[in-house]
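>>> I need the structure of the sequence given here:
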Amino acid sequence: MKPVSLPGVDAREEVLTTAVLRSWARTALSELGRARVEIDELNVYPVPDGDTGTNLYLTWEAACDALPEGELTFAEAVQAFGRGALLGARGNSGVITSQLVRACGLRLAENLPRTQEQAGGGLADVRMSEAVAFADALVFAADAAYGAVAQPVEGTMLTVAREAANAALKAANEGRTVAEVCLAAVAAARVALTKTTEQLEQLRRAGVVDAGGAGLVVILGAIESVLSGRGPAATTGVPARVVPTEARTGNDLDPDGPAYEVMYLLEAPDEKIGDFRTLLAGLGDSVVVVGGDGLWNVHVHTDNVGGAIEPGIEIGRPYRIRVTHFADLTHHQRVHSRAVIAVAAGDGLAKLFTDSGAVVIAGGPGRRCSTGELLKAIERSGAPEIVLLPNDKDSIAVAEAAATAARQDGIRVAVIPTRAQVQGLAAIAVHDPERSFDDDVVHLSAAAGQTRHGAVTIAVKDAWTMAGTCRIGDALGVVDGDFALITDDLTTAATGVVDRLLGGGGELMTVVTGRDADPELVDALVRHVRRSRRDVDVVVYDGGQERYPLLIGVE
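Okay, here's the model as predicted:
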């Protein structure tokens, strides 16, 4: 292998640091988001349920969310990240990925301090130790993933992980730096992925590469992006189908295959897991049991749901049990069985949400909705799948409580943490009941998260704010939930809020007028935007909310 020059990595610095881990985690999440739909479309094995990309994205998102802010040692960071992946793993590929991440992190946390200490202070030796430690961790992780699967199958993400690890070890043994070892692993993973089509009959018939392996290539490819100092690639890195889509034969579930996917977390002694995994293998297929130190994530495809859960009860405590009927996933586009419930702060906002297909609960300043109201709305909808849009930061906890209660009745509920009415409008605008539940949740979450929000109001009392002390009658500008401006009139406050929101970019501005909004205020704001940002489209809705003459969103 020819040594490479990496503009993003200073040869005098360590590469395996908490900062690099954070950067890789964020980059990989972004790339999985871009590739998610494409990976879903590749999904024909072990079950053609079209959710591998979504499951990988949600698993990785859980890992990223578990990585605390602030100062962390590398060992603390990788352990937190791995635990987050374990607890949030979804689907067969998500569970295997969580094992890869957790095992790799634990091995690095165990080996790096020792190898660096043994280096004797020589910088070149530390770099060499880092490279060897990283390669060793990849090998350990691949072995752990194979060991977690009751019946490993070649031509899957397991194969891709092993080939990446072998290439990394070879490069490390040749004396390469850790950056070069990373790039060797990425290159080998891409080659291994292209070969999966001929290694597995289902993939060959469908003319696709393995979906889980494609996701792993995206994750590993993010390392290349971080270490090289280049931005994400123009493409996702997921290979195109080998043959036209029409040649696919894996669109329908095998009538002779297991009907259910069973997943749960299990608190049980490590020494009990070997026999437990073997027992599950006799009940179905795609058996994966990952974890350690008394906490495990269990996955199996089976016809015997009770039989898959009872052994867990016998050796420990199963919880977060999820049972998915594959036939429901396959036919989800034919059944409209999902309700979106939105909290609206005014009559006009209620009509906007209703016209978009949502069930509306009255809320807003001075009138917070209750858990009971949300539960009654969930019950009245009769839908087995629910999406909640709280649209207010104080209502998020209420929505989470309602979701927890509803889940105990077997209802699938997702809370999109919308902190403002305009974020809820952005989310409901992309809602599509024809999509799978997870796919729809991802779209709504992304739309809400990409919407910055602001508002203007009049101070009703003297108070201290983030912008300083305000007096009764002052005009206040709110940006992303915090008071950011104190001015003499609402027009100045509104233009100031908009300038701050558009300072972070944006193509569409939504203005929602309140019950007592002055039309001249709205006209002045629209003129200001059209003069200063002609590239921004502006839409105005009558919201009818109290206290806030204007609510503003920028997407």
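>>> could you find the closest non-adjacent residue to the residue nearest to the spatial centre of the chain?
The residue lying closest to the centre of the chain (C-alpha atoms, centre = their mean) is residue 61, at 3.3 Å. Leaving aside its chain neighbours, residue 61 sits nearest to residue 29 (6.1 Å; criterion: C-beta to C-beta, 6 or more residues apart in numbering). Placement of C-beta: from N, CA and C, glycine included.
>>> which strand or helix spans the one you found?
Using DSSP states H and E, residue 29 maps to helix 18-42.
>>> C-terminal to that helix, what's the next element?
Following helix 18-42 in sequence order, the next helix or strand is helix 52-65 (DSSP H and E).
>>> give me the distance from that following helix to the chain's centre.
How far helix 52-65 lies from its chain's middle: 4 Å, per C-alpha atoms, centre = their mean, to the nearest Å.
>>> what angle separates that helix from helix 18-42?
With axes from the mean of the first three to the mean of the last three C-alpha atoms, to 10 degrees defining the directions, helix 52-65 sits at 160 degrees from helix 18-42.
>>> what's next to helix 52-65, contact-wise?
For helix 52-65, the external contacting residues (C-beta atoms under 8 Å, 6 or more residues apart in numbering) are 25-26, 28-29, 32-33, 35-40, 42-43, 81-82, 84-85, 87-95, 97-98, 101, 211-212, 215, 219, 436, 438-439, 442.
>>> filter those down to the buried ones.
25, 28-29, 32-33, 35-40, 42-43, 81-82, 84-85, 87-95, 97-98, 101, 211-212, 215, 219, 436, 438-439, 442 (16 or more other C-beta atoms under 10 Å).
>>> end-to-end on stretch 261-281?
Stretch 261-281 has an end-to-end distance of 13 Å (criterion: C-alpha to C-alpha, to the nearest Å).
>>> in that stretch, which residues are buried?
For stretch 261-281, burial by neighbour count (16+ other C-beta under 10 Å) applies to 261-266, 268, 272-273, 276-277, 279-281.
>>> do the same with stretch 404-415
So for stretch 404-415, counting by 16+ other C-beta under 10 Å, buried means 405, 406, 411, 412, 413, 414, 415.
>>> and it, average pLDDT?
Summarised as a single mean, pLDDT over stretch 404-415 is 85.
>>> show residues contacting it.
Under the criterion C-beta under 8 Å, 6+ apart, residues 371, 375, 378, 383-388, 390, 396, 399-400, 402-403, 437, 441 lie in contact with stretch 404-415.
>>> okay, now the domains of this protein?
Taking automatic domain parsing as the criterion, the chain consists of the domains 18-244, 260-330, 334-447, 452-554.
>>> check for me that residue 538 belongs to a helix.
No - read with DSSP: H, G, I helix; E, B strand; the rest coil, residue 538 is strand and lies in no helix.
>>> for the host helix or strand of residue 195, packing partners?
Here residue 195, judged by DSSP H and E, is contained in helix 178-199. Here helix 178-199 touches helix 123-148, helix 157-173, helix 201-206, helix 211-228, going by 3 or more C-beta pairs under 8 Å, 6 or more residues apart in numbering; DSSP states H and E.
>>> do you know the pLDDT at residue 365?
In this prediction, residue 365 has a pLDDT value of 74.
>>> ugh, typo on my part, it should be residue 255
pLDDT for residue 255: 56.
>>> buried set for stretch 280-293?
Within stretch 280-293, the residues scored as buried using 16+ other C-beta under 10 Å are 280, 281, 283, 284, 285, 286, 287, 288, 289, 290, 291, 292.
>>> and residue 302, what's its pLDDT?
90.
>>> give the contact list for the closest residue to it other than its chain neighbours.
Take residue 302 and drop its neighbours on the chain: the residue closest to it by C-beta to C-beta, 6+ apart is residue 284, 3.1 Å away. By C-beta under 8 Å, 6+ apart, the contact set of residue 284 is 258, 300, 301, 302, 303, 304, 308.
>>> before I go, just wanted to say thanks for your time.
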